[in-house]
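Colleague: pasting the structure only:
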């Protein structure tokens, strides 16, 4: 399983990447929406895990572009800023799941597995 983890917070990105890799997930990272779009061009990912609040292109705009250009890519949204409106908007835009930080690794892996299975 190949996952793209997108978050501007290095203090979240690095440890979560290490934890996912220890669980056997091939995980690549991007620190911005723009970098994420560069990463998916010409690459095959099963799932993208995207932080909603990022400077520049936010997670919802990235979700819009990923759904438009890579419709088979499952997208899971993460946020440390709980908001029912953001969750609803993300789901309406095609997110598979909307999870709150801090997220438990098992919960995240469960969401990734379900998203990938649904897209298969």
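Modeller: Sure thing, it's come through. Not measured: the values here are computed from a predicted model.

Colleague: okay, now residue 13: neighbour count?
Modeller: Using other CB atoms under 10 Å, residue 13 has 18 neighbouring residues. The way it works is simple: take the backbone N, C-alpha and C, and place the C-beta from them, glycine included.

Colleague: quick one: secondary structure of it?
Modeller: Look at residue 13: counting by DSSP: H, G, I helix; E, B strand; the rest coil, its state is helix.

Colleague: and the residue lying closest to residue 40 once chain neighbours are set aside, how close does it get to residue 100?
Modeller: Leaving aside its sequence neighbours, residue 40 sits nearest to residue 70 (CB to CB, 6 or more residues apart in numbering; 5.9 Å). Computed as CB to CB, to the nearest Å, the residue 70 to residue 100 distance reads 25 Å.

Colleague: out of those two, which sits in the busier spot?
Modeller: residue 70 (17 against 14).

Colleague: need the per-residue pLDDT for the more buried one.
Modeller: According to the prediction, residue 70 has pLDDT 97.

Colleague: that one contacts residue 41, correct?
Modeller: No - counting by CB atoms under 8 Å, residue 70 stays clear of residue 41, with 9.4 Å between them.

Colleague: over to the residue nearest to residue 40: give its phi and psi.
Modeller: Main-chain torsions, residue 70, degrees, to the nearest 10: phi -140, psi 70.
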